[in-house]
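*Asks:* need a structure here:
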Amino acid sequence: MSSDDKVTLQHNIIKGILTLKESLVIEAAQMTERELIDYLLAKPCSEDSYPFGPEAQVFKVFGKMFALIGYRNEKLTVTLKASPENVTFLSEEFICIERGYHMNKKHWITIIVNDEVSVGMVEDWIDDSYQLVTSKLTKAQKMMV
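*Replies:* Got it, this is the predicted structure:
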């Protein structure tokens, strides 16, 4: 199977999963800033800080960023790490998702938190971001998460 075929297959699988998730969502609800912060801080060994100033709250695990929340044009946004394939797919599939704002556009997405995507979908993307970052931790750090 060629590299292009693998990417196409992965996109089709992701699209199928998203379609299934959307069909299970009875009513899309917008995630509040408080719910977003609580979910991010509930991750094992997660801590927050404001290294870029008071308008950008950064969430890290063992000093490695996995999320950033803030406001852009008065809209709540969350920036998350993602695989390059998912960055491309998600930014093409959803109006509210773009390649990472002020981040490496290959590895980060910025989501405008609105009712285009469900709370569950945002939580899944947070989980994916956290997993991508924790997968690169040392063995000792991984045992703590």
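
*Asks:* and K105, what pLDDT?
*Replies:* The model reports K105 with a pLDDT of 88.

*Asks:* Tell me who's in contact with it.
*Replies:* 87, 99 (C-beta atoms under 8 Å, 6 or more residues apart in numbering). Bear in mind the C-beta positions are built from the backbone N, C-alpha and C, glycine included.

*Asks:* do you know how far it is from T32?
*Replies:* Using C-beta to C-beta, to the nearest Å, K105 is found at 27 Å from T32.

*Asks:* residues making contact with the lengthiest strand in the chain?
*Replies:* For the chain, the longest strand by residue count, based on DSSP state E, is strand 64-72. For strand 64-72, the surrounding residues in contact (C-beta under 8 Å, 6+ apart) are 33, 36-37, 40, 43, 46, 52, 55-60, 76-81, 101, 103, 110, 112, 126, 129-130, 132-134, 136-137.

*Asks:* which secondary element of the chain has the worst mean pLDDT?
*Replies:* Ranked by mean pLDDT, DSSP states H and E, the weakest helix or strand in the chain is helix 3-24, scoring a mean of 59.

*Asks:* quick one: buried residues of the helix or strand following it?
*Replies:* Heading C-terminal from helix 3-24, the first helix or strand you meet, by DSSP states H and E, is helix 33-41. The neighbour-count check on helix 33-41 (16 or more other C-beta atoms under 10 Å) flags 36-37, 39-40 as buried.

*Asks:* what packs against helix 33-41?
*Replies:* With contacts defined as 3 or more C-beta pairs under 8 Å, 6 or more residues apart in numbering; DSSP states H and E, the packing partners of helix 33-41 are strand 46-49, strand 56-61, strand 64-72, strand 75-81, helix 119-134.

*Asks:* Please identify the most buried of these.
*Replies:* A comparison of these by mean neighbour count, using mean count of other C-beta atoms under 10 Å, puts strand 75-81 on top with a mean of 22.

*Asks:* Give me the residues contacting that strand.
*Replies:* So strand 75-81 is in contact with 33, 36, 65-71, 100-101, 103, 107-114, 122, 125-126, 128-129, 132-133, going by C-beta under 8 Å, 6+ apart.
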